[in-house]
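S.K.: Below is the structure, and that's it, no one-letter string:
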């Protein structure tokens, strides 16, 4: 998805806020509109006509034009014919098209690989915003394409890129892929040591598959923080001061909606026509893409302070409430827990029936060398009757980087569930794993005000 966003741009920067001709509801994250949000019409679209708003979007590849010089991630290429609007929805299609005339270069530095375009004739789609905005709240109601292709909403601007979300509809080799809500910053600052790299990311695992139904995805980009939402519930918030040099979202950005083949999810040489329903294709379906901004132009302040439902989630009281062959280590002036041999650490927690929860934790897979030795560890929840798509009474996230990194998941208890078991396991591989900052919060979702189509 990464585009050289510092390239010369011919289009004006639209920074003012105006109300569209249609009456859009407030953000699902703020249904009472206490922040005074209004729609920025230059970067929003309801897709209620017979076409996307051509004052808002470029259709990448249309009339041979590639704005931003990005033609898609190899081996896929954007085909403008794969974009259509029907019955109040935007349809983007990924298809296996043996008749498509692929370009000789991709323009984004990703055209070199072990495959040739003709071997994997995969076309995708992209809309690129014509206009810019500076700070605001991005919200999209959508359903991801049900195949090995991304369905994404993101932005680019001078020096940085923000991925509001990247969804991946299906991966036969990774049971978490189709439930992942991935958000990140990428560094495009000239001369930066981390140029071209993902320098901050948030991985959240849903209790549903992103291609099964429509959901509302939200991302607030404030001058002081970023906050991530699903169906109106906040799942993460990070203050700018906490991100330090990883904060690259300083300049105006313009939005993208697109589909791409991700070679780190599925090897492109293993993609097949049946994965995309052949030439008929599979669809990323979008109800709307809105950018709201605060009417007064002020900041929302800082991330809210949430009350952790878990006592001793930071292990400052040692192993109180936790059971298993674990030991303690010092970390940043505090404590963390460590499993050095194959083992499982557990904890029983009282919960409410029929209630949704957010579980977060940071971990470090010490023995992974990031080259040819990868050690997996798993942190999650077990209980009878967890409401998880494809679940079997347990649900977890996987850690495998040899650095401290945070991941999260959400789950909903069943009608008779009054307690759950949290667990950390590095079995069967072993390999040292460290855990810290375990947090549990209730989630409250909002009901979307769905347009009639």
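M.R.: Everything's here; your move. Owing to the predicted nature of the structure, the values given are computational and were not obtained by experimental measurement.
S.K.: From here on, just use CA atoms for contacts and neighbour counts.
M.R.: Will do.
S.K.: shaky segments in the protein?
M.R.: Flagging of the chain using pLDDT under 70 yields the residue ranges 1-22, 104-118, 389-392, 450-453.
S.K.: What is the three-state secondary structure of the residue nearest the centre of it?
M.R.: In the chain, the residue lying closest to the centroid (CA atoms, centre = their mean) is residue 182, at 2.4 Å. Assigned by DSSP: H, G, I helix; E, B strand; the rest coil, the conformation of residue 182 is strand.
S.K.: for it, what are its contacts?
M.R.: By CA atoms under 8 Å, 6 or more residues apart in numbering, residue 182 lies in contact with 163, 164, 165, 166, 167, 201, 202, 203, 204.
S.K.: Show me the beta-bridge partners of the residue lying closest to it once chain neighbours are set aside.
M.R.: Nearest residue to residue 182 in three dimensions, chain neighbours excluded: residue 203, at 4.8 Å (CA to CA, 6 or more residues apart in numbering). Applying DSSP bridges to residue 203 gives these bridge partners: residue 182, residue 407.
S.K.: Can you report how many residues lie near residue 251?
M.R.: 15 (other CA atoms under 10 Å).
S.K.: For residue 299, see how far away it is.
M.R.: Per CA to CA, to the nearest Å, residue 251 is found 15 Å from residue 299.
S.K.: returning to what we had before: may I ask which of the contacts of residue 182 has the most neighbours?
M.R.: residue 164 (29 neighbours).
S.K.: surely residue 205 meets residue 408?
M.R.: Yes - if you go by CA atoms under 8 Å, residue 205 and residue 408 touch, sitting 6.2 Å apart.
S.K.: Need the residues touching each of the two.
M.R.: Between them, residue 205 and residue 408 share these contacting residues under CA under 8 Å, 6+ apart: residue 397.
S.K.: Tell me where the stretch 151-300 of the chain has strands.
M.R.: For the stretch 151-300 of the chain, the strands defined by DSSP state E, counting those that start in this stretch cover 159-168, 180-188, 198-205, 215-221, 225-230, 233-239, 254-258, 282-294.
S.K.: Can you say which of those strands is nearest to residue 317?
M.R.: strand 233-239 (25.4 Å; CA to CA).
S.K.: now that closest one, how far from the chain's geometric center?
M.R.: 13 Å (CA atoms, centre = their mean, to the nearest Å).
S.K.: count of neighbours near residue 213?
M.R.: 11.
S.K.: which ones are touching it?
M.R.: residue 143.
S.K.: Distance of it relative to residue 179?
M.R.: From residue 213 to residue 179 the distance is 12 Å (CA to CA).
S.K.: Show me what the one helix or strand residue 409 maps to is packed up against.
M.R.: For residue 409, the host element (DSSP states H and E) is strand 405-412. Secondary-structure packing of strand 405-412 (3 or more CA pairs under 8 Å, 6 or more residues apart in numbering; DSSP states H and E): strand 198-205, strand 356-365, strand 394-399.
S.K.: Please repeat the previous calculation with a cut-off of 7 Å.
M.R.: strand 198-205, strand 356-365 (3 or more CA pairs under 7 Å, 6 or more residues apart in numbering; DSSP states H and E).
S.K.: Need those in JSON lines (columns: distance to residue 322).
M.R.: What follows is those, written out as JSON lines (distance: least, CA to CA, whole Å):
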{"stretch": "strand 198-205", "distance to residue 322": "24"}
{"stretch": "strand 356-365", "distance to residue 322": "15"}
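S.K.: Name the stretch among those strands that sits most buried.
M.R.: Of the helices and strands packed on strand 405-412, the one with the most neighbours on average (mean count of other CA atoms under 10 Å) is strand 356-365, at a mean of 22.
S.K.: ok, now which ones touch the spatially closest residue to residue 216 that is not a sequence neighbour?
M.R.: Once flanking residues are discounted, residue 216 sits nearest to residue 141: 4.2 Å by CA to CA, 6+ apart. Residue 141 is in contact with 214, 215, 216, 217, 286, 287, 288, counting by CA atoms under 7 Å, 6 or more residues apart in numbering.
S.K.: The same query, at a cut-off of 8 Å, please.
M.R.: 214, 215, 216, 217, 286, 287, 288, 289.
S.K.: what's the answer for residue 429, then?
M.R.: Residues in contact with residue 429, defined by CA under 8 Å, 6+ apart, are 342, 375, 376.
S.K.: Can you get me the start-to-end distance on stretch 181-195?
M.R.: 24 Å.
S.K.: my guess is residue 91 meets residue 85, correct?
M.R.: Yes - between residue 91 and residue 85 there is a contact under CA under 8 Å: 5.9 Å.
S.K.: Mind listing what's buried along stretch 337-357?
M.R.: Using 16 or more other CA atoms under 10 Å as the test for burial, stretch 337-357 gives 337-348, 351-352, 355-357.
S.K.: That one: end-to-end distance?
M.R.: In stretch 337-357, first residue to last residue: 23 Å (CA to CA).
S.K.: for that stretch, the distance to its chain's centre please.
M.R.: The answer for stretch 337-357 is 25 Å, by CA atoms, centre = their mean.
S.K.: Please apply the same query to stretch 218-225.
M.R.: 14 Å.
S.K.: which residues touch stretch 286-293?
M.R.: 17, 27, 37-41, 43-47, 88-91, 135-143.
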